[in-house]
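J.: Generate coordinates for the sequence data below:
(chains A and B)
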There are 2 protein chains.
Amino acid sequence: MDSNEFRTAAHRLIDYTINYNDTIRDRRPMPEVEPGYMRPLLPSSAPETPDSFDEIMADVEKIIMPGMTHWNSPNFHAYYPLGSSYTSNLADILIGALNCVGFTWTSSPACTELEVIMMDWLAKLLGLPSHFLSSEEGPGGGVIQGTASEATIVAVLAAKERTLRRLDDNGSGTHNKHQNMHRLVSYTSEESHCNVVRSSLIASVLMRSLPVDDKFALRGSTLKDAIEQDLKDGLVPFAVVATLGTTQTCAFDNLQEISDVLSKHPDIWLHVDAAYAGAAYVCEEHRGTMKGIERADSFSFNPHKWLLVTFDCSAMWIRNTGEVVNAFMVDPLYFRPEHHMNKDAPDYRHWQMATSRKFRSLKLWFVMRLHGKRGLQEHIRRQIGLAKEFEELVRSDQRFEVVAPVTMGLVCIRLKVTDHGDLNDLNDRLHKQINATGAIHLLPSQSAGLSYIRVGVGSRFTESSDMIFAWKEIQKQATAVLMAAAEEQAEKLTKAE
Amino acid sequence: MDSNEFRTAAHRLIDYTINYNDTIRDRRPMPEVEPGYMRPLLPSSAPETPDSFDEIMADVEKIIMPGMTHWNSPNFHAYYPLGSSYTSNLADILIGALNCVGFTWTSSPACTELEVIMMDWLAKLLGLPSHFLSSEEGPGGGVIQGTASEATIVAVLAAKERTLRRLDDNGSGTHNKHQNMHRLVSYTSEESHCNVVRSSLIASVLMRSLPVDDKFALRGSTLKDAIEQDLKDGLVPFAVVATLGTTQTCAFDNLQEISDVLSKHPDIWLHVDAAYAGAAYVCEEHRGTMKGIERADSFSFNPHKWLLVTFDCSAMWIRNTGEVVNAFMVDPLYFRPEHHMNKDAPDYRHWQMATSRKFRSLKLWFVMRLHGKRGLQEHIRRQIGLAKEFEELVRSDQRFEVVAPVTMGLVCIRLKVTDHGDLNDLNDRLHKQINATGAIHLLPSQSAGLSYIRVGVGSRFTESSDMIFAWKEIQKQATAVLMAAAEEQAEKLTKAE
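T.: Coordinates of the predicted model:
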């Protein structure tokens, strides 16, 4: 493919992108395909000679689109948002064009240095403590990981390594050191994302899922009791993963209390996972839930969720970056850096699980510059406003209750009509019936034994009218489900008589 | 940014991409900046109000470009190639536009299903055994990881989990199970990539770096002896990571011999890392080094290295995908899939360390279709041809020797003039002097105590004339280095007299 063919094809894709965004409301948010739909539509092997770009574009519409889940549709209310913006799309084009990797400083100085500086910009934008800044004295700094799950794994592995080194009094080396592994114990809440417990599987360490309060938050006293019991039992508490904005209800663990408890346990690593809600800290008025952050050893959130950055871009800051490097460092000759340690020029391959890494900081640079701090604040405030509007709609309908505090862009709702059979069953039927129509899409969840429905403000295109549309759809299906349930109840009563 | 602004800006970036590629030969392959060059050039925080796209584009040229390592320059001969093509650039644009994630089948059926099918296409293109195909009966299948290092970690973790389950006779559960960890031992060659040993750090298991033969390959007998000794010592050999095409010299471990040895040890996981050289298996004539692959439990290579696919896209196939899932599975309600297990519809989040994942299979689809099998074969053959041409040039100069067999796109060379002081020192001086001029860039390495220089065919734009240019540059600097060394020798002799 030569330059001219590329230009023509690229222009078509740009138009395709614009058209896709302009018409995204018209597409069913969830596809109707069955598992295995695609295989019969494609040849069983690659072509011998080239296909044309026209053929591919035709197949995108014919084969790919019918199987797409449209995360950026205003009618898609499942999960949390997936960041999307024209500004980040532009950066993606440039990243593909430059196509470099930045595993060491020398492998691409610009790639490494822009990341260091962008992570400082982003930390300041969020009001994070200065111990996370590269521009400050001390060993703190930021790095872009692929996902929040990777950030959590990196934190747990670094905490484990630090602890095993500490316990290895004799300095007897790696192999012996591992014999203390079975004594290590870490903590998170039962409401935290499954990735958190998964990180302990990968690290082969014990992790306790601690109970939460009635607002689905982990409290200091719960953590304190668990730590003290484990210490009594001869175990070594070494890490806590707190969540600010859980996946299920957007609950905030009480970070201030957790930090207070950990002030007596300086050897325990505190990782704070704010994957979704962290973006809201660009607005000063939302920083209250972050109190206690000064104690954190690491903090992560996903600009690719709520900050308009396309996937993947997960921001992570570390208080003592050397402790992460210690967990990952191996240094053969062909990577020999020709420069000395410099906080502006880290070898980022020691800060993550993979070795190579792409020029993702361009996305942060484009998005922060092309929206400005105020543009990002407006985006967050607007979406929280839409969630609040939606909450009011729900509260105005006596059949529903709001399950958890609405502070961000998520509203968890639940039918509470008690004389129509089992409530969990009723709510399960409701979400299934809503999703079956395909007008909107949302996900069920369960906390403390209660089934409920999560309604997220997902798309940058979402307007008031979209939330009203969703609410009317929910109400309509709720009426249908309740009528059907009432009929069933009546039938049962008749039969019983 | 509205649609029209996006179109205008995107068109500028497309032109920028074309211009960058067209003029890449004119840019110094390695930047001349010092660590920390960028910070003084940027503000210390994000702007309050938006900057313009014009300002950003000006800064790309002024701030980013001076710090770029141009991996795709024909004068860049370091590392291995980083895949780049207009065809993959097009896919990158589409991936950014669609911006979905495919952690479960439902989260984006098209994203998951295209990956399943593309991994089959790719396996067939490489002539991999059918036990890796999703379209076949049995539990095999492929998945896209970010990097080969992640593939290795996934393989080692899966092998570890499988072994610990097997050893846990009592079925006494996770925690007890881990008490066998200190008995586990894995193997690789001392020439394999540092990522391989790094994977054992992450998995907290022992890994032995075994010696290689005079062609830098791991041989069956070496492995056999190591396994038998460890068994005698009560350890549990559980994994072998073999390399096809090492990073340093592109050596191929003797896979047939390794497989023969492992035929007596069915419980040992064999992972084959062909990160760079795997791409060459699209050409039937290069498949000889793959003999023995039928025994492999997993195999990976990076289309983002030598197969024209932009970073990141590392292909991994697994014989029994359930064994990988076992190592990563946690299953809370909010991920509840509404479909049954189906080989065409896996939940890929259980096949990797991260949870979320982007629509990378579009890159494979675009590249395989727009080049066709023949186009990809031509690309590989052409680049190997260039390396062979370069080898001839080196062999025609009596001052040089070729250190390792030239079978792919890499030539390892070394000054062998013995009367000018220490040979390693001489070769180190040579590479430093070459890189200092900046006309070309290449990397030193060391194997078996010998320093040498790696000259890779790195760019899709590389022509014969580029290799001749590189060789003349090397010769010129060699003459200079040898003259300087001769003078130093003479001075020493004079002083000594």
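J.: Pull the contacting residues for the residue of the stretch 301-450 of chain A found nearest chain B.
T.: Taking C-beta to the nearest C-beta, chain B has its nearest neighbour within the stretch 301-450 of chain A at A:Ala345, 3.4 Å off. Heads up, the C-betas are built off the backbone N, CA and C, glycines and all. Taking C-beta atoms under 8 Å, 6 or more residues apart in numbering or on different chains, we find A:Ala345 in contact with A:105, A:109, A:112-113, A:116, A:339, B:35-36.
J.: A:Ser85 too?
T.: Going by C-beta under 8 Å, 6+ apart, A:Ser85 touches A:308-310, A:367, A:371, A:460, B:1.
J.: Can you point out the helix or strand that includes A:Met316?
T.: For A:Met316, the enclosing helix or strand under DSSP states H and E is strand A:314-318.
J.: Buried residues of the following helix or strand past that strand, list them for me.
T.: Next helix or strand after strand A:314-318 toward the C-terminus (DSSP H and E): helix A:321-328. For helix A:321-328, the neighbour count (16 or more other C-beta atoms under 10 Å in any protein chain shown) marks A:321, A:323-328 as buried.
J.: Quick one: low-confidence residue ranges for the stretch 151-300 of chain A.
T.: By pLDDT under 70, the weakly predicted segments of the stretch 151-300 of chain A are A:169-177.
J.: any idea how far whatever residue of it ends up closest to chain B is from B:Val154?
T.: Closest contact between the stretch 151-300 of chain A and chain B, by C-beta to the nearest C-beta, is at A:Cys194 (4.3 Å). Counting by C-beta to C-beta, to the nearest Å, the gap from A:Cys194 to B:Val154 is 18 Å.
J.: what's the burial count for A:Cys40?
T.: One correction, residue A:40 is Pro, not Cys. A:Pro40: 7 surrounding residues under other C-beta atoms under 10 Å in any protein chain shown.
J.: pretty sure it is in a helix, no?
T.: Yes: counting by DSSP: H, G, I helix; E, B strand; the rest coil, A:Pro40 is located in a helix.
J.: List the contacts of it.
T.: For A:Pro40, counting by C-beta under 8 Å, 6+ apart, there are no contacting residues.
J.: ok, and for whichever helix in chain A runs longest, which residues are buried?
T.: Scanning chain A for the helix with the most residues, using DSSP state H, yields helix A:361-395. Neighbour-count burial for helix A:361-395 flags A:361-373, A:375-377, A:379-380, A:383-384, A:386-387, A:390-391, A:393-394 (criterion: 16+ other C-beta under 10 Å).
J.: likewise stretch A:180-199?
T.: For stretch A:180-199, burial by neighbour count (16+ other C-beta under 10 Å) applies to A:180-199.
J.: Next step: those residues restricted to helices.
T.: Cross-referencing these against helices under DSSP H gives A:194-199.
J.: could you dump these to CSV with distance to B:Ile293?
T.: Below are those laid out as CSV (distance: C-beta to C-beta, whole Å):
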residue, distance to B:Ile293
A:Cys194, 35
A:Asn195, 33
A:Val196, 37
A:Val197, 36
A:Arg198, 31
A:Ser199, 33
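J.: Which residue is the nearest non-sequential neighbour of A:Arg399?
T.: Nearest residue to A:Arg399, sequence neighbours excluded (C-beta to C-beta, 6 or more residues apart in numbering or on different chains): A:Val417, at 5.1 Å.
J.: cool, A:Glu463 as well?
T.: Nearest residue to A:Glu463, sequence neighbours excluded (C-beta to C-beta, 6+ apart): A:Pro74, at 6.8 Å.
J.: would that neighbour count as being in a helix?
T.: No: according to three-state DSSP, A:Pro74 belongs to no helix; its state is coil.
J.: A:Ser459 is in contact with that one, correct?
T.: Yes: using C-beta atoms under 8 Å, A:Pro74 is in contact with A:Ser459, at 4.6 Å.
J.: overlap in contacts of those two?
T.: Contact with both A:Pro74 and A:Ser459 is made by residues A:24, A:466, according to C-beta under 8 Å, 6+ apart.
J.: what's the angle from the strand holding A:Met316 to helix A:321-328?
T.: Interaxial angle, strand A:314-318 versus helix A:321-328 (axes from the mean of the first three to the mean of the last three C-alpha atoms, to 10 degrees): 110 degrees.
J.: Against which helices or strands is strand A:314-318 packed?
T.: Packing partners of strand A:314-318 (3 or more C-beta pairs under 8 Å, 6 or more residues apart in numbering or on different chains; DSSP states H and E): helix A:109-126, strand A:141-145, helix A:148-167, strand A:298-301, helix A:303-306.
J.: hmm, try it at 7 Å
T.: If you count contacts as 3 or more C-beta pairs under 7 Å, 6 or more residues apart in numbering or on different chains; DSSP states H and E, strand A:314-318 packs onto helix A:109-126, strand A:141-145, helix A:148-167, strand A:298-301.
J.: Keeping just the C-alphas, turn the longest one into CSV.
T.: Read it as helix A:148-167. Taking Å, rounded to 0.1, in the frame of the first residue of the first chain, the C-alpha atoms of helix A:148-167 are listed here in CSV:
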residue,chain,number,x,y,z
ALA,A,148,-6.2,-1.0,36.7
SER,A,149,-5.9,-4.7,37.2
GLU,A,150,-2.3,-4.5,36.1
ALA,A,151,-1.7,-1.6,38.5
THR,A,152,-3.0,-3.7,41.3
ILE,A,153,-0.9,-6.7,40.4
VAL,A,154,2.2,-4.4,40.2
ALA,A,155,1.4,-3.0,43.7
VAL,A,156,0.8,-6.4,45.3
LEU,A,157,4.0,-7.8,43.8
ALA,A,158,6.0,-4.8,44.9
ALA,A,159,4.6,-5.0,48.4
LYS,A,160,5.3,-8.7,48.5
GLU,A,161,8.9,-8.3,47.4
ARG,A,162,9.5,-5.5,49.9
THR,A,163,8.1,-7.6,52.7
LEU,A,164,10.0,-10.8,51.8
ARG,A,165,13.2,-8.8,51.7
ARG,A,166,12.4,-7.4,55.1
LEU,A,167,11.6,-10.8,56.6
